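A.B. asks: Take a look and give me a structure for this.
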Amino acid sequence: MTVEAAAETRGFETEAKQLLHLMIHSLYSNKEIFLRELISNASDAADKLRFEALANGDLYESDPELAIRITFDKEANTLTISDNGIGMNRDEVVAHLGTIAKSGTAQFLQNLSGDQKKDSQLIGQFGVGFYSAFIVADKVEVFTRRAGDKAENGVHWASQGEAEYTVATVDKEKRGTEIVLHLKKGEEDFADGWRLRSIIKKYSDHISLPIIMEKQVEAEEGEEKAPEDETINRATALWTRSRSDVKDEEYQEFYKHISHDYQDALTWSHNRVEGKLDYTSLLYVPSKAGMDIQYRDAARGLKLYVQRTFIMDEAEQFLPLYLRFIKGVVDSNDLSLNVSREILQKDPNIDSMKSALTKRVLDMLEKMAKKDAEKYAGFWSEFGEVMKEGPAEDFANREKIAKLLRFTSTVSESGKQDQSLDQYIERMAEGQDKIYYVVADNYNTAKNSPHLEVFKKKGIEVLLLTDRVDDWLMGHLNEYDGKSFQDVGKGELDLGAVETEEDKKAQEEAEKQLEGLTERMTKVLADDVTAVRITHRLTDSPACLVVANDEMGAQMRRLLESAGQAVPESKPTIELNPEHPLVNKLDQEPDEDRFADLAKVLFDQASLAEGGSLNDPAAYVQRLNKLLLELSN
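C.D. replies: Numbering: from 1, shown residues only. Sure, this is the predicted structure:
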């Protein structure tokens, strides 16, 4: 190739230099993975060409047989990976190879732990696998031309993995990309045919493109024979093969290829559907959540193929948003090859496939939960918050999703979300007809909530909900297995048949006895509460705050306010424990000013106990100091 324009030298950004430094000093614990990365990139380039060629067949340039070629030169100590895929123009080379930060390097570097093995697993997630070449090479050259461009518009990129790289224009007759690795001293075995074949078979056998190497044919004495091409991999799409023909190791390698994850998948489901619809799906559950799992607008979806032809990378129409962590492939025979995102949104077949694929994922998760509780616990710790979005988004599968939910409860160990609703129901007290829960900002607040006191006394289990999504979740999860849910911090407490006639009688007597107290407090706290009433839900605390059943919970209110959103005005009800000495002392207080101070302190303490903040902290401190001084005199 002849350089037509002088090479332009450019500098890497600071973050890119950091990343290259890590690569050069063997961040990967397994060096041979670099070849998997480069082959995977070549396969993606072929997929992109196939897709663009649907609209413009001329891009094939009379060369429709797509393949990846691996060559090596022992004398020069070089390894070359070539493809005839989409290729890149000069601007794309600079964008993709010159500015590593484009792939999220800043976030990548922030998440480095210092553990070489763990850190190596992050690389693929950020799309910077190309730079793994510098683990084994002290110089990397890229020769590329975009399909459809003229031969004289080829591009040559080169770098020694330091501060700079060069980019120049060259003649390149064939479209696609050729990457030349000048191997470091000591890495000569990557210029060995046997070693390369074994790596390709190990990591890239699932690639649907033929990966070709020269096979040296032995010749008779005095006869010369030209080398022959040999396809190293199976070169058939893994999802098209029979499940019985695919090994677990192959499924795992294919997962890593499509997800750019360096850890194994937790589980997968490979299924062929024939009948009204004809499609194949291969769905994976990752073992770790991606960095963008909480961003509902982040790119997501399955790789979509139509009749084995790649269509798009992130087809989000096939699974609901709460299952955005699922990776995989769907290959349909019932969609047209010129399918677009707009068409996908209008095709009734997509709705049918989405419904079926959603149920398949939920069944896969249910199977995991039944067969391996420990593995499911690992899944839940990574994806539990996302799964809690499900009942609000997927009414048809609300019961199936609820079965998969895990919660912390008053019987959990150290705040773990380890209890299912089925387990809760099995332990329900005799006469109990509701599933009780409390919502708080954190585990300690929930565990020590005054609302739990009567439940501890009666031996009734309560779910402790502390995730940001929990209050919203319970607004859409009205019942499970015929049992309704009850927020113990809302409305008047109803323990149903668990409450004895003796309890009810004691409650009525206390209300009559302290009628004067509730009237006095209602006047003092008129600006802060809607009502003051006597309760039997408390055993140790003097008071607690509750809101009406149809009003927004305190946690949701705080979340919306912190996000700057307007929330409707609302005042709680304060409930008093008739057995508490402070309440009795308050009832007997003759001085109205002192009574007012005590009543407001009691209200503020009840607000703090549920994790709330005070409207006037200074006034609370002043009242408390005043009361403390009176006690000391």
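
A.B. asks: Which parts of the stretch 501-633 of the chain are helices?
C.D. replies: 501-513, 515-524, 554-562, 581-587, 592-609, 617-632 (DSSP state H, counting those that start in this stretch).

A.B. asks: Need the CA coordinates for the last one. CSV is fine.
C.D. replies: Backbone C-alpha positions of helix 617-632 (Å, rounded to 0.1, in the frame of the first residue of the first chain) are rendered in CSV as follows:
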residue,chain,number,x,y,z
PRO,A,617,-34.8,22.0,63.7
ALA,A,618,-33.8,25.1,65.7
ALA,A,619,-37.2,25.3,67.4
TYR,A,620,-37.0,21.6,68.3
VAL,A,621,-33.5,22.1,69.9
GLN,A,622,-34.7,25.1,71.8
ARG,A,623,-37.7,23.3,73.2
LEU,A,624,-35.7,20.2,74.1
ASN,A,625,-33.0,22.4,75.9
LYS,A,626,-35.7,24.2,77.7
LEU,A,627,-37.3,20.9,79.0
LEU,A,628,-33.8,19.6,79.9
LEU,A,629,-33.1,22.7,82.0
GLU,A,630,-36.4,22.4,83.8
LEU,A,631,-35.6,18.8,84.7
SER,A,632,-32.1,19.8,86.0
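
A.B. asks: Go through the helices of the stretch 501-633 of the chain and name the closest to Gly154.
C.D. replies: Proximity to Gly154 (C-beta to C-beta) singles out helix 554-562 among the helices of the stretch 501-633 of the chain, at 54.1 Å. Every C-beta, even on glycine, is put in place using the N, C-alpha and C of the backbone.

A.B. asks: List the buried residues of the closest one.
C.D. replies: Neighbour-count burial for helix 554-562 flags 554-559 (criterion: 16 or more other C-beta atoms under 10 Å).

A.B. asks: Any chance of a markdown table for these, columns distance to Val469?
C.D. replies: Compiled in a markdown table, those are given as follows (distance: C-beta to C-beta, whole Å):
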| residue | distance to Val469 |
| --- | --- |
| Ala554 | 15 |
| Gln555 | 10 |
| Met556 | 10 |
| Arg557 | 15 |
| Arg558 | 14 |
| Leu559 | 9 |
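
A.B. asks: what would these look like in CSV with pLDDT?
C.D. replies: Converted to CSV, these look like this (pLDDT from 0 to 100):
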residue, pLDDT
Ala554, 71
Gln555, 71
Met556, 75
Arg557, 73
Arg558, 71
Leu559, 72
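
A.B. asks: which among those residues gets closest to Gln252?
C.D. replies: Among the buried residues of helix 554-562, and counting by C-beta to C-beta, the member closest to Gln252 is Leu559, at 38.9 Å.

A.B. asks: just checking, the closest one touches Val469?
C.D. replies: No: the criterion here is C-beta atoms under 8 Å, and Leu559 misses it with Val469 at 9.5 Å.

A.B. asks: For these two, list the residues in contact with both.
C.D. replies: Counting by C-beta atoms under 8 Å, 6 or more residues apart in numbering, Leu559 and Val469 have no contacts in common.

A.B. asks: least trustworthy helix or strand in the protein by mean pLDDT?
C.D. replies: Within the chain, no helix or strand scores below helix 116-120, which has a mean of 49 by mean pLDDT, DSSP states H and E.

A.B. asks: Which SSE is immediately downstream of that one?
C.D. replies: For helix 116-120, the succeeding helix or strand toward the C-terminus, using DSSP states H and E, is strand 137-145.

A.B. asks: Check what contacts that following strand and list those residues.
C.D. replies: 1, 79, 87-89, 93, 97, 133-134, 151, 153-161, 170, 172, 174-184, 187.

A.B. asks: What ranges in the stretch 351-500 of the chain fall below the confidence cut-off?
C.D. replies: Within the stretch 351-500 of the chain, not a single segment meets pLDDT under 70.

A.B. asks: quick revisit: now, which of the buried residues of helix 554-562 sits nearest Lys48?
C.D. replies: Looking across the buried residues of helix 554-562 and measuring by C-beta to C-beta, the closest to Lys48 is Leu559, at 41.4 Å.

A.B. asks: Without its sequence neighbours, what residue ends up closest to the closest one?
C.D. replies: Arg468 (6.2 Å; C-beta to C-beta, 6 or more residues apart in numbering).

A.B. asks: how near is that neighbour to Gln486?
C.D. replies: Counting by C-beta to C-beta, to the nearest Å, the gap from Arg468 to Gln486 is 21 Å.

A.B. asks: can you check Lys504 too?
C.D. replies: Taking C-beta to C-beta, one finds Lys504 at 18 Å from Gln486.

A.B. asks: repeat for Glu502
C.D. replies: 22 Å.

A.B. asks: out of those two, which sits in the busier spot?
C.D. replies: Gln486 (20 against 8; other C-beta atoms under 10 Å).

A.B. asks: So that one sits against Ile435, correct?
C.D. replies: Yes: taking contacts as C-beta under 8 Å, Gln486 lies within contact range of Ile435: 7.0 Å.

A.B. asks: Helices along the stretch 101-250 of the chain, start to end?
C.D. replies: 105-110, 116-120, 193-203, 248-259.

A.B. asks: Need the residues that contact the third one.
C.D. replies: Contact with helix 193-203 is made by 32-33, 35-36, 39, 70, 72, 79, 189-190, 211, 213-214, 216, 232-233, 253, as judged by C-beta under 8 Å, 6+ apart.
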